[in-house]
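Trainee: 3D, please:
(one chain, ligands or ions: 1)
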Amino acid sequence: MYAEFDLLTPAAVGGALDELAKVENEEDCMPLGGGTNLVVDLRARAVAPKVLISVGRLSGLRGIELGEGRVSMGGAVTVSEILRHPERSRFGPALIGAAQVFAGQMVRNTATIAGNICCGSPAADLVPPLLALDAVVRLECSAGSRELPLADYFTGYKSSVRKPNELLTRVWWPEPPAGSASLFYKLARRKGDAITVVGVAVSLARENGICTRARIALGAVAPVVERVRPAEAMLEGNALEPDLIEAAARAAAQQSSPIDDVRASGKYRRQQVFVLVRRLLSRAWRSLSEGDHP
Ligand SMILES: Cc1cc2nc3c(=O)[nH]c(=O)nc-3n(C[C@H](O)[C@H](O)[C@H](O)COP(=O)(O)OP(=O)(O)OC[C@H]3O[C@@H](n4cnc5c(N)ncnc54)[C@H](O)[C@@H]3O)c2cc1C
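Mentor: Next up, the predicted model:
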């Protein structure tokens, strides 16, 4: 069933980083978060590391902190922990929306935020909202740490700037201020436990009737989850009239490069990008006009 591997269970982040520092070949050693992706890959023999380093229970990677204008989550925070947090309304509705439609309860209980980012799937559901919220990731190795915008993390299909000796230890983003709104929609073949056909997250801020900040992020329609910067630029500095929203949605559809697969054709996916971006931008803008921020 599985190729043989050693499972290391360090007691602290430092121990995990020391083990990763010994890695010479990326395929030889992998961090194990909740295992909801990695165990599937191990069983399919899509990967065959000689060593797994369990990081999902390390206290240094846990915890959700709010303060100094930030929402900050340890890499091992699970989807269920996001949903159960008493202050979840401060995280950004787009992220909560994605967590609510994420897999089934059992997977949500163990799937981690770092695992969702690091698996590099273009259909990873937490990534579009995190991009729309301007998330920053912290990567740590035994020699030190660095932080970078999540928007600069992915370099291609299932590839990223993370080095084999680094752990993704924390994700943080500015706490969404009053006068901002964010939304996420997952189009899939079923409501629960289904792989995303198209994922869209938007985030808007409004001041004096003008859009001061626009973010649009698309999942499952390109090799990586990505922002649609040309469409964002069309919106910022303007009042979002229906024609402008429609033009931005068209630009988003144009940037997408979806493939045909068993779940949907590329043509359908691109059409749905247009429909969903238009819908979410309209709803978010309307809610800001009405003062009822999603
Ligand atoms: C039935 C089922 C349903 C699913 N439904 C969804 C869904 O609706 N939406 C969705 O987005 N995903 C879904 N998934 C995929 C998966 O659950 C998520 O991607 C999850 O967030 C992965 O997190 P994990 O902690 O389990 O990662 P793991 O499987 O432990 O690891 C995934 C990858 O990340 C690396 N990694 C893990 N933690 C770290 C870290 N701290 N630093 C560096 N690298 C790390 C691992 O080495 C591995 O390469 C589903 C999976 C299953 C089995």
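
Trainee: can you check what pLDDT the model gives the residue nearest to Phe102 when sequence neighbours are not counted?
Mentor: Distances taken as CB to CB, 6 or more residues apart in numbering put Val79 closest to Phe102, at 4.9 Å, once the chain neighbours are dropped. Every residue, glycine included, has its C-beta placed from N, CA and C. At Val79 the predicted local distance difference test score is 98.

Trainee: cool, and Asp292?
Mentor: pLDDT recorded at Asp292 is 55.

Trainee: against Pro10, how distant is the residue of the stretch 1-150 of the chain found nearest the ligand?
Mentor: When you check the stretch 1-150 of the chain against the ligand by CB to the nearest ligand atom, the closest residue turns out to be Gly115, at 2.1 Å. For Gly115, the distance to Pro10 (CB to CB, to the nearest Å) stands at 17 Å.

Trainee: so what does the helix or strand hosting Met234 touch, helix or strand wise?
Mentor: Assessed by DSSP states H and E, Met234 sits inside helix 229-235. Using 3 or more CB pairs under 8 Å, 6 or more residues apart in numbering; DSSP states H and E as the contact test, the elements touching helix 229-235 are strand 210-219, helix 242-255.

Trainee: so which of the ones you listed gets nearest Leu276?
Mentor: When those are compared for distance to Leu276 using CB to CB, the nearest one is helix 242-255, at 8.1 Å.

Trainee: if you count contacts, what does the helix or strand following that closest one end up packed against?
Mentor: Later in the chain than helix 242-255, the nearest helix or strand by DSSP H and E is helix 266-290. Counting contacts by 3+ CB pairs under 8 Å, 6+ apart, helix 266-290 is packed against strand 180-187, strand 198-207, strand 210-219, helix 242-255.

Trainee: is the third one in proximity to the ligand?
Mentor: No - with CB under 6 Å from any ligand atom as the measure, strand 210-219 is seen stopping short of the ligand, the closest distance being 8.3 Å.

Trainee: ok and that strand relative to strand 198-207, angle-wise?
Mentor: With axes from the mean of the first three to the mean of the last three CA atoms, to 10 degrees applied, the angle from strand 210-219 to strand 198-207 works out at 170 degrees.

Trainee: which secondary structure elements does the following helix or strand past strand 210-219 sit against?
Mentor: For strand 210-219, the succeeding helix or strand toward the C-terminus, using DSSP H and E, is strand 226-227. Helices and strands touching strand 226-227, by 3+ CB pairs under 8 Å, 6+ apart, are helix 127-132, strand 210-219.

Trainee: average model confidence for strand 226-227?
Mentor: Over the span of strand 226-227, the pLDDT mean works out to 97.

Trainee: mind listing residues that contact that strand?
Mentor: Counting by CB atoms under 8 Å, 6 or more residues apart in numbering, strand 226-227 makes contact with Leu131, Ala132, Ala151, Phe154, Arg215, Ile216, Ala217, Leu218, Gln255, all of which sit outside it.

Trainee: can you give me the offset of that strand from its chain's centre?
Mentor: The gap between the average C-alpha position of strand 226-227 and the chain average comes to 11 Å, counting by CA atoms, centre = their mean, to the nearest Å.

Trainee: can you get me a residue count around Gly67?
Mentor: Around Gly67 there are 8 other residues, counting by other CB atoms under 10 Å.

Trainee: swap in the one 4 residues further on?
Mentor: For Val71, the number of neighbouring residues by other CB under 10 Å comes to 23.

Trainee: report the buried residues of the one helix or strand it maps to.
Mentor: Counting by DSSP H and E, the element that carries Val71 is strand 70-74. By neighbour count with 16 or more other CB atoms under 10 Å, strand 70-74 contains the buried residues Val71, Ser72, Met73, Gly74.

Trainee: what is the mean pLDDT for it?
Mentor: Mean pLDDT, strand 70-74: 98.

Trainee: check stretch 175-188 too.
Mentor: 95.

Trainee: is that stretch in proximity to the ligand?
Mentor: No - Stretch 175-188 lies out of reach of the ligand by CB under 6 Å from any ligand atom, never closer than 7.5 Å.

Trainee: any idea how far that stretch is from the chain center?
Mentor: For stretch 175-188, the distance from its own C-alpha centre to the chain's C-alpha centre is 13 Å (CA atoms, centre = their mean).
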